[in-house]
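> got a predicted model here, sequence first, then my questions.
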Amino acid sequence: MERMTFQGLVNMNSTLSVSDEEYEKALNNAQERIDPREGVECPVCKNHEYTWKVIDGERIAQECACKAKRDNIKRIRESGLSEQLERCTFESYETSEEWQQTAKSIVIRFLKDKDRKWLLMSGEPGSGKSHLCTAAAGRFLKAGANTMYMRWVDESTALKACVNDEYTYNKRMNKLKTCKVLYIDDFWKTQKGQMPTPADVKLAFDLLDYRYCNRGLITIISTERTVLEMIDIDAAVGSRIYEMTKGYRIEISGGGKNWRLK
């Protein structure tokens, strides 16, 4: 909280006696309305995102509840998941099959586990990997965690394109490295099932090794590749994923799981 000296509305040389409550009310009433951030209107602070509290003649700026609401809206908007969050919820996830019930229960357990590390969902296209991962990321977002969405195909292409521009590359990569929750969708997705390139492997190691070393960071990964396939591609990357997803590694196999074709 920001502490300020008693001044402004009351003349210090005046003999007029003003209580803390009266001064506090006058300070808050004196604030003029400003345009709201993120479209959230607040009649309490008039969109300043703080209100005044007066204690023993000193005014203290206190964060208004509307700031948390605006910050949450901003996080969702900047996460890249705004549209997906509306349709990819736990409630809308199909659970008519036993494997679907199992996958959903594991993801929910992951969210409740205070000692969780990473979550991996692998399997064929249309098996609901992205749906459950998005629902999990949404829970973190709504809880106020700094959460980012990385669609591997798009973001890896953009990062590789600016790899020789150190400032741009680091600025873009550091956001992914340091966010509290990172959701990587379609990790190591390639055209026609080709192997990831050496540049893809280097990029993955750069990103995941940082998050591996900083154990308080949560990583959610969806991919069509099994963890053993990822180890075969690159042992350094694959083994880190293997270690960090123990207990929360879901591999949907067996064929016939593409619900888009149902």
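Noted; the coordinates are in hand. Residues are numbered from 1 along each chain as shown.
> where does residue 150 land in three-state SS?
strand (DSSP: H, G, I helix; E, B strand; the rest coil).
> what is the neighbour count of it?
Using other CB atoms under 10 Å, residue 150 has 24 other residues around it. C-beta coordinates here come from the backbone N, C-alpha and C atoms, glycine included.
> pLDDT score for the residue nearest the centre of the chain?
A centroid search over the chain (CA atoms, centre = their mean) returns residue 147, at 0.9 Å, as the residue closest to the centre. Residue 147 is assigned 88 on the pLDDT scale.
> what of residue 256?
66.
> now swap in residue 86 and tell me
81.
> just residue 13 next, same as before
Reading off the confidence values, residue 13 has pLDDT 40.
> over to residue 54?
At residue 54, pLDDT is 92.
> that one and residue 151, how far apart?
Applying CB to CB, to the nearest Å, the value for residue 54 to residue 151 is 50 Å.
> please say which of the two ends up with more neighbours.
Each of residue 54 and residue 151 has its neighbours counted (other CB under 10 Å); residue 54 has more, 20 against 16.
> quick check, that one in a helix?
No: Residue 54 is assigned strand when assessed by three-state DSSP, not a helix.
> quick check: bridge partners of it?
Bridge pairing for residue 54 (DSSP bridges) gives the partners residue 59.
> any idea how far it lies from residue 156?
54 Å.
> for the stretch 151-262 of the chain, just list every one of the helices.
Using DSSP state H, counting those that start in this stretch, the helices found in the stretch 151-262 of the chain span residues 152-161, 166-178, 198-213, 227-233, 235-244.
> contact partners for residue 228?
residue 238 (CB atoms under 8 Å, 6 or more residues apart in numbering).
> state the distance from it to residue 238.
For residue 228 relative to residue 238 (CB to CB), the value is 8 Å.
> below-threshold pLDDT in the stretch 151-262 of the chain: ranges please.
For the stretch 151-262 of the chain, the stretches flagged by pLDDT under 70 are 254-262.
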